[in-house]
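Could you work out the structure for the sequence below:
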Amino acid sequence: MTSKPTSIGTPEHVAIALCYALGWISGLIILLIEKENDTVRYHAAQSIIIFGSITLLNFILPMFLFMGGLMLMSLLSLATLVLWIVFIVTALNKKPLRLDFLTSYAEQLSEKFKP
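Okay, here's the model as predicted:
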């Protein structure tokens with residue numbers, strides 16, 4: 001991964017890690033701020049999609065699950081923590097993770113906010 005300039009003033013791999021730092025919130029902030037680097041914008045959009053979806057699941061699942069819902073929510077929380085750590089560590093190691101099944105959605109989202 002070659003480091004391209006970012007408009008937020010950090011190296012590319014640090015900006016990508018910041019996209020995932022606070023889940024969809026940091027992804028949204030960086031997507032709105034970043035103007036130059038398409039890779040950082042892609043990862044910000046991917047963060048919004050992944051962690052935004054998980055946040056919605058955390059609100060919706062308890063409404064429909066009464067018995068056994070606690071176990072499912074615990075597993076979802078554990079999976080979210082592991083996913084969050086993997087995204088940040090791979091970004092800081094300059095090998096950010098791109099999820100192929102989300103590529104078209106993340107690219108569309110990052111293009112909508114492009115200056």
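
Heading C-terminal from the longest helix seen in the chain, find the next helix or strand.
Longest helix in the chain by number of residues (criterion: DSSP state H): helix 38-64. In the C-terminal direction, the helix or strand that comes right after helix 38-64 (DSSP states H and E) is helix 69-92.

Now do that next one: which elements does it pack against?
helix 12-21, helix 38-64 (3 or more C-beta pairs under 8 Å, 6 or more residues apart in numbering; DSSP states H and E). Every residue, glycine included, has its C-beta placed from N, CA and C.

buried ones in the longest one?
Put plainly, it is helix 38-64. Using 16 or more other C-beta atoms under 10 Å as the test for burial, helix 38-64 gives 39-51, 54.

Any chance of those in TSV with distance to residue 5 and pLDDT as columns?
Shown next, in TSV, are the buried residues of helix 38-64 (distance: C-beta to C-beta, whole Å; pLDDT from 0 to 100):
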residue	distance to residue 5	pLDDT
39	11	92
40	10	94
41	13	94
42	16	94
43	16	95
44	16	95
45	19	95
46	20	95
47	20	96
48	23	96
49	25	95
50	26	95
51	26	96
54	31	93
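
Output the contacting helices and strands for the longest helix of the chain.
Going by 3+ C-beta pairs under 8 Å, 6+ apart, helix 38-64 lies up against helix 12-21, helix 24-33, helix 69-92, helix 103-112.

Just name the most buried of these.
helix 12-21 (a mean of 23; mean count of other C-beta atoms under 10 Å).
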